[in-house]
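Engineer: Provided below for reference: sequence and predicted model.
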Amino acid sequence: MIGRNSLFGPLDPAPDAGYVDAPARKGFFTDTSVCIGCKACEVACKEWNDVPENAFAMLGTSYDNSHSLNANQWRHVAFIEKQAPTPAPTPEPVSLGMPSVGAQPSDVADEEKPDFQWLMSSDVCKHCTHAACLDVCPTGSLFRSEFGTVVVQDDICNGCGYCVAACPYGVIDRRRGPEGDPKVGIAQKCTLCYDRLSDGQKPACAQACPTESILYGDVDELRQRADERVALLHERGIMDARLYGNDPDDGVGGTGAMFLLLDEPEVYGLPPDPVVTTKDLPAMFNRAGMAATAMLAGAALSFLRRR
Amino acid sequence: MRPPDTAQAHHHGGSPSRARGSGRGGDRVMVPEADFTSYYGRPIVKPAPWEHDIAIYLFTGGVAAGSSMLAAGADLTDRPALRRVGRLGSLVSLALSMGALVHDLGKPSRFINMLRVAKLTSPMSVGTWILALHGPFAAAASAAEVVGMLPARWQRGPLGILLVLGRPAGIVGALTAPPVAAYTAVLLADTATPAWHSAFRELPFVFCGSAAAASGGLGLLGTPVDQAGPARAFAVGGAAVELAAERRMEQSMGISAETLHQGTAGRWMRASIALTAAGAVGALAGRRSRALSMASGAALMAGSLCTRMGVFEAGIASAKDPKYTVVPQRERVDRGEQVRYQG
Ligand code: SF4
Ligand code: SF4
C-alpha cells in the first residue's frame, strides 16, 4: 500500500505498511534530565537480546567506553561533561522573623562548587516514522512491525550494508565480530524488544531503568507526557530543556523514540535536523531518467555524423 | 574499537570546536571554516561499509552500458570492428561488475536473494532488476559476437540461432543500457552520506557522462580510426558532460564539496579531471592517428575510473567527519528553515 505520505509527512506507520487492526504505535520517551548514567539499560539490552560485547577499550571520553550505537550496542549512554553556566550569586536570605523550614542555604563558596555539569543520555534506534533503513533495504529483511517499529530479520539480510549508509542517525550497522558469532556481517540494531512486545511486556531497557528515564508506551501518550515534562522543567527555570523527535512534521515524520534533551542535539551526537533520504527519491529518479535519456540521445547522435 | 580521529577531535560536547582539516590539500577553500559542536568528534552518520569493489562496480557498469549502446549502433551502421569491441567490452565489464558485486556481498546466492522482492524505494533493488533485465540481452549479443569468431562449421544449430539473435538482442541491450549507467548515481545519492546525497541533482549526469567517456574510450582503444568516429564523438561528448556536470555539482553541494578536494578523494578527482580533459583533447586531435586515439581512449577510461573512486572516497570522508552532517543542518535550523512537512 503506497499512500500520499508514504515517503514523507505525518503517518501512522503500521497501517501504512498494510496492517489491519494494528495495535497503537509503541515507542520510547527517554527523559535525559533524570538519567543517572548507570548503564542498566545497556546491560539489560545485551542480556536479553544476546548482543555480544564490543571490544572494550578505555576511550578516555568521560565514562563513555561503549563508543556508539552499532551492531553490538543497541542502547548507548552518552556522557558529556559540560562547563556549568556561571552560577548567579546566592542572595542573602532575608529574615522574615519566622521559624526557618527546609535546608539551610549552602555554606559552600561559589568558587568551590564543581564547575561542570553532567549531561547523560541513553540513545537508541529512533524507529522512525519514515525509516530510511527500511526504505532502502533491497531484500525486505528490514520490516515494519505491527507495533510501528522497525525490525531486522537476520535470516533474510544480505549484509549489503545499504541501510547502514541510509540511516540519518547512524544507528544500524553490520556486525563485525566477535569471530564465530552467527550474525557477523548481518545488519543489527534495536528491535524495541519485538519478542517482549509480542508477549505484552516492556522492552528490557525500560524495565531495567531505575529512574524511569526510559519510558515505554503508546507513542501518542508519550508525546503528551513529553510535552508536560518540558513545560514543568521550563516552569522550574530549566530553559534548556527541549524535545527531540516528537514532531510528526519533522524530516523523518517524527520518531518512535523521542528524547528530552538539556542542550543542542549535536552535543549528544544527534543530528540537529535529520531528513529521511527517500524524501528526495522521486527527484533523484527523475534526474537519473533525464541523464539516461541524454546518454541514449548522445549515443544516437554520435552515429548520425559521417565517419 | 577506537574512533579513528579521537586524537584531533578530542573535545567535549557543549564547547564549540574549530572545524578541522578544511582546505588542507585542497586547491581552494569552498566555504569559510565553520564552528560546530559534536560528541567527541565522533561521526554521526555511519560511512557505507563498502570497499573499493563498489567503486569498481560503478566504473565497469558504466563501461558495460556505454559499450552495448556503441555496439548496437555499430551493428546497425555496419561498423564490424566497433561492434566487436563494444560487444566484447560489454561482456567483459558486465562479468567484472558482477564479480565485484558478488565479492562485496560475500557469496553469489546473496545476489539471487536480492531478487526475492522488487522494491521501488530501494535503488539497490531497482538496480538489481535493471541489471537482470539488461544483462541477458547484452550477454546474448556478445555471445553472438563470439560465435561469429568461431570457424564456420561450428556456426550451425543452436549456435547459429545466436547469430540471428545477435542484432535484436543487441538493440534491446542498448535500450536497457542507459538506466544501468544512471541508477548507480541514485544508489549513492539515496543515503545519509553528506557528499553523496547533496550531489543528487548532478551525480547522474556525472556518471552517465563518465560512462560515455569510458566506453567511447574503449572504442577508440580497440577500433581502427576509419570506424572509430562514433566512439570518438560519444567519448568527447561524454567527457564534456562529465566535466561540466562535475563543476555544477560542486557548486550545489554546499560544504561537503570540500571532500572532493581533500586527501585521497582530492587526488582521485584531480587525476580524473586531468585525464578526462587530456583524453578528450587527444581524441579530437587524433582523428587520423591510431596511436594517439588509443592513448586518448586509455586516458578517458582511466579518467572515468578516477571519477568513481573520487566520488566514492569523498562520500566516505564526508560521513566520517561530523562537520558535514552537523554544519548544514545546524545552519538550516538557525535560519529557521528546518525541514517540515507542509500539508
Ligand atoms: S534510526 Fe536509523 S536504524 Fe533506526 S529506524 Fe530510523 S533509519 Fe532505521
Ligand atoms: S544490510 Fe541487510 S538489512 Fe541492511 S539493507 Fe542490506 S539486506 Fe537490508
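Structural biologist: Alright, I've got the coordinates. Numbering: from 1, shown residues only, chains lettered A, B, ... in the order given. Ligands and ions are numbered 1, 2, ... in the order given.
Engineer: make it CA atoms for all contacts and neighbour counts henceforth
Structural biologist: Noted.
Engineer: what's the neighbour count on B:G343?
Structural biologist: 7 (other Cα atoms under 10 Å in any protein chain shown).
Engineer: model confidence score at it, please.
Structural biologist: pLDDT recorded at B:G343 is 79.
Engineer: just so I have it, where are all the strands in the stretch 201-343 of chain B?
Structural biologist: Using DSSP state E, counting those that start in this stretch, the stretch 201-343 of chain B contains no strands.
Engineer: would you mind naming what in it lies close to chain A?
Structural biologist: For the stretch 201-343 of chain B, the residues in contact with chain A (Cα under 8 Å from any Cα of the partner chain) are B:201-202, B:204-205, B:208-209, B:212, B:226-231, B:233-234, B:237, B:325-326, B:329-330, B:332-333, B:338-343.
Engineer: just the buried ones from those?
Structural biologist: When these are checked for burial by 16 or more other Cα atoms under 10 Å in any protein chain shown, the buried set is B:201-202, B:204-205, B:208-209, B:212, B:227-231, B:233-234, B:237, B:325-326, B:329-330, B:338-340.
Engineer: which among the residues of the stretch 201-343 of chain B next to chain A are in contact with ligand 1?
Structural biologist: Among those, no residue lies close to ligand 1 (Cα under 6 Å from any ligand atom).
Engineer: which of those residues fall within helices?
Structural biologist: The helices, defined by DSSP state H, take in B:204-205, B:208-209, B:212, B:229-231, B:233-234, B:237, B:325-326, B:329-330, B:332-333 from these.
Engineer: not counting sequence-adjacent ones, nearest residue to residue 251?
Structural biologist: No chain was given, so I picked chain A. Take A:G251 and drop its neighbours on the chain: the residue closest to it by Cα to Cα, 6 or more residues apart in numbering or on different chains is A:V275, 4.0 Å away.
Engineer: the intended chain is chain B.
Structural biologist: B:A257 (7.6 Å).
Engineer: gap between whichever residue of the stretch 151-300 of chain A sits closest to ligand 1 and A:T278?
Structural biologist: Closest to ligand 1 within the stretch 151-300 of chain A is A:C167: 4.0 Å, counting by Cα to the nearest ligand atom. Distance of A:C167 to A:T278, computed by Cα to Cα, to the nearest Å: 11 Å.
Engineer: give the residues shared as contacts by these two.
Structural biologist: Residues touching both A:C167 and A:T278 by Cα atoms under 8 Å, 6 or more residues apart in numbering or on different chains: A:A132.
Engineer: okay, the two: which has more neighbours?
Structural biologist: For A:C167 versus A:T278, the count of surrounding residues by other Cα under 10 Å is larger for A:C167: 30 against 27.
Engineer: that one reaches A:A132, doesn't it?
Structural biologist: Yes: with contacts counted by Cα atoms under 8 Å, A:C167 reaches A:A132, the gap being 5.5 Å.
Engineer: list the contacts of A:Y244.
Structural biologist: By Cα under 8 Å, 6+ apart, the contact list for A:Y244 reads A:M258, A:F259, A:L260, A:L261, A:P265.
Engineer: how about the residues of chain A near ligand 2?
Structural biologist: For chain A, the residues in contact with ligand 2 (Cα under 6 Å from any ligand atom) are A:137-139, A:141-142, A:152, A:157-163, A:187.
Engineer: which parts of stretch B:107-121 are buried?
Structural biologist: Judged by neighbour count (16+ other Cα under 10 Å), stretch B:107-121 contains these buried residues: B:R110, B:F111, B:M114, B:L115, B:A118, B:K119, B:T121.
Engineer: excluding its backbone neighbours, what's nearest A:A291?
Structural biologist: Counting by Cα to Cα, 6+ apart, B:F205 is the residue found nearest to A:A291 once chain neighbours are left out, at 5.2 Å.
Engineer: can you tell me which of the buried residues of stretch B:107-121 is closest to ligand 1?
Structural biologist: Nearest to ligand 1, judged by Cα to the nearest ligand atom, of the buried residues of stretch B:107-121 is B:T121 at 13.6 Å.
Engineer: helix, strand, or coil at the closest one?
Structural biologist: For B:T121, the secondary-structure state derived from DSSP: H, G, I helix; E, B strand; the rest coil is coil.
Engineer: now it: phi and psi?
Structural biologist: When read as degrees, to the nearest 10, the backbone of B:T121 gives phi -80, psi 0.
Engineer: got the confidence number for the nearest residue to it once chain neighbours are set aside?
Structural biologist: Take B:T121 and drop its neighbours on the chain: the residue closest to it by Cα to Cα, 6+ apart is A:D135, 5.4 Å away. As predicted, A:D135 sits at a pLDDT of 96.
Engineer: tabulate the buried residues of stretch B:107-121 in a markdown table, adding columns for secondary structure and pLDDT.
Structural biologist: As requested, the buried residues of stretch B:107-121 are exported to a markdown table (DSSP: H, G, I helix; E, B strand; the rest coil; pLDDT from 0 to 100):
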| residue | secondary structure | pLDDT |
| --- | --- | --- |
| B:R110 | helix | 82 |
| B:F111 | helix | 80 |
| B:M114 | helix | 85 |
| B:L115 | coil | 85 |
| B:A118 | coil | 91 |
| B:K119 | coil | 92 |
| B:T121 | coil | 94 |
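Engineer: TSV for those residues, including distance to B:S318?
Structural biologist: Formatted as TSV, the buried residues of stretch B:107-121 follow (distance: Cα to Cα, whole Å):
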residue	distance to B:S318
B:R110	29
B:F111	28
B:M114	28
B:L115	31
B:A118	30
B:K119	28
B:T121	24
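Engineer: and for the lengthiest helix in chain A, what are the contacting residues?
Structural biologist: Using DSSP H to define each element, chain A has its longest helix at helix A:281-304. Identification of contacts with helix A:281-304 by Cα under 8 Å, 6+ apart yields B:69-70, B:73-74, B:77, B:121, B:175, B:178-179, B:181-183, B:185-186, B:189-190, B:200-202, B:204-205, B:208-209, B:212, B:229-231, B:233-234, B:237.
Engineer: run a quick neighbour tally on the residue lying closest to B:A317 once chain neighbours are set aside.
Structural biologist: Closest residue to B:A317 apart from its sequence neighbours, by Cα to Cα, 6+ apart: B:T259 at 6.6 Å. The number of residues packed near B:T259 is 28, by other Cα under 10 Å.
Engineer: nearest spatial neighbour of B:A48, skipping sequence neighbours?
Structural biologist: Using Cα to Cα, 6+ apart and skipping the chain neighbours, the partner closest in space to B:A48 is A:A165 (4.5 Å).
Engineer: wait, a helix at the one you found?
Structural biologist: Yes: per three-state DSSP, A:A165 lies within a helix segment.
Engineer: distance of it from B:M253?
Structural biologist: Applying Cα to Cα, the value for A:A165 to B:M253 is 18 Å.
Engineer: ok, these two, which is more surrounded?
Structural biologist: Taking other Cα under 10 Å, A:A165 and B:M253 do not tie; A:A165 has more neighbours (28 against 19).
Engineer: roughly how far apart are that one and A:Q73?
Structural biologist: Where A:Q73 is concerned, A:A165 sits at a distance of 17 Å (Cα to Cα).
Engineer: cool, B:S293 as well?
Structural biologist: Taking Cα to Cα, one finds B:S293 at 55 Å from A:Q73.
Engineer: and for B:M249?
Structural biologist: Taken as Cα to Cα, the span from B:M249 to A:Q73 is 37 Å.
Engineer: neighbour-wise, which of these two wins?
Structural biologist: A:Q73 (27 against 20).
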